[in-house]
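A.B. asks: Give me a model of this one.
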Amino acid sequence: MLRILIIDDEIPARNRLRRMLAELPAVQVAGEASSGREALHMIPVTAPDVLLLDISMPELDGMALAQLLQQQDSAPAIIFCTAWSDQAVEAFECDAVDYLVKPVRPGRLETALEKARRFISRSGPDEAGPFLRSTIGGRVSLFPLADVICLLAEDKYTSVVHRNGISVINLTLKDLETEHADILVRVHRGTLVAINCIRGLEKTADGHNYLLLEGYEKHLQVSRRNLPAIRKLIRELA
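C.D. replies: Predicted coordinates:
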């Protein structure tokens, strides 16, 4: 059962969300707040799993509340529900699970809550981990780094091969390699792979070395420069 706290300064907007939530299974409205400041006091009392959070509100707006909650060790999942269509990138920088533009559609709300369930299930003590965000073409997607198999540099963007398909992000391999050095390793100038997906190394008749990855049929070439480090890593993983 997901416990939901609705945070919006407009009563009609809160009522509309409450009506939609009443039609969905396994959700419960834990309470309502008309400002970020009020919500900040209600969260410890109502213990919500998810916040349906407006941005433009008096006293403390939704973005400021999300930034405050970002500093806490354990905070509810956040789904923004807002009339502003141009603040999605900033919202996802606050670790939002989804970003819904008003008027919120029932089907879109249900999808967002399913994302929140997956986010919460991965945020337990044994499964916590970072997420990557795709913000290409006006569509924003969020997926866990734990599902990533490899990342390929292509023109101005990076293609991410993960367990649910392929996504495109606007982060560079250099940035990803620096931030997630414990999870990702470079095998070629344009390729990073997830360390936990490495299953072996294969040398072909022409002298090239290719990496075998779990969950990905293609074999990725390892450059001569990176080959010693990859061999050492495979020995350590054995």
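A.B. asks: Next secondary structure after the helix or strand of the chain with the lowest mean pLDDT?
C.D. replies: For the chain, counting by mean pLDDT, DSSP states H and E, strand 141-144 ranks last in confidence among helices and strands (a mean of 72). Downstream of strand 141-144, the next assigned helix or strand under DSSP states H and E is strand 148-154.
A.B. asks: Next secondary structure after that following strand?
C.D. replies: Using DSSP H and E, the helix or strand that follows strand 148-154 towards the C-terminus is strand 157-162.
A.B. asks: and stretch 198-208, C-alpha only, in CSV?
C.D. replies: Output of stretch 198-208 as CSV, limited to C-alpha atoms (Å, rounded to 0.1, in the frame of the first residue of the first chain):
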residue,chain,number,x,y,z
ILE,A,198,31.6,-8.6,-17.4
ARG,A,199,31.8,-12.3,-18.0
GLY,A,200,35.0,-12.8,-19.9
LEU,A,201,37.5,-11.7,-22.6
GLU,A,202,37.8,-13.3,-26.1
LYS,A,203,40.7,-12.9,-28.5
THR,A,204,40.0,-13.3,-32.2
ALA,A,205,42.2,-14.6,-35.0
ASP,A,206,43.0,-11.1,-36.1
GLY,A,207,44.5,-10.3,-32.7
HIS,A,208,41.6,-8.1,-31.4
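A.B. asks: Of all the residues in it, which ones are buried?
C.D. replies: For stretch 198-208, burial by neighbour count (16 or more other Cβ atoms under 10 Å) applies to 198, 201. Backbone N, C-alpha and C define where each C-beta goes, glycine included.
A.B. asks: Outside of that stretch itself, list whatever touches it.
C.D. replies: 185, 209-214, 219, 221-222, 230-231, 233-234, 237 (Cβ atoms under 8 Å, 6 or more residues apart in numbering).
A.B. asks: and the residues you listed, which are buried?
C.D. replies: Looks like those have 185, 209-213, 219, 222, 230, 233-234 buried, using 16+ other Cβ under 10 Å.
A.B. asks: Tell me the one of the residues you listed nearest residue 167?
C.D. replies: Comparing these against residue 167 with Cβ to Cβ picks out residue 213 as the nearest, at 17.0 Å.
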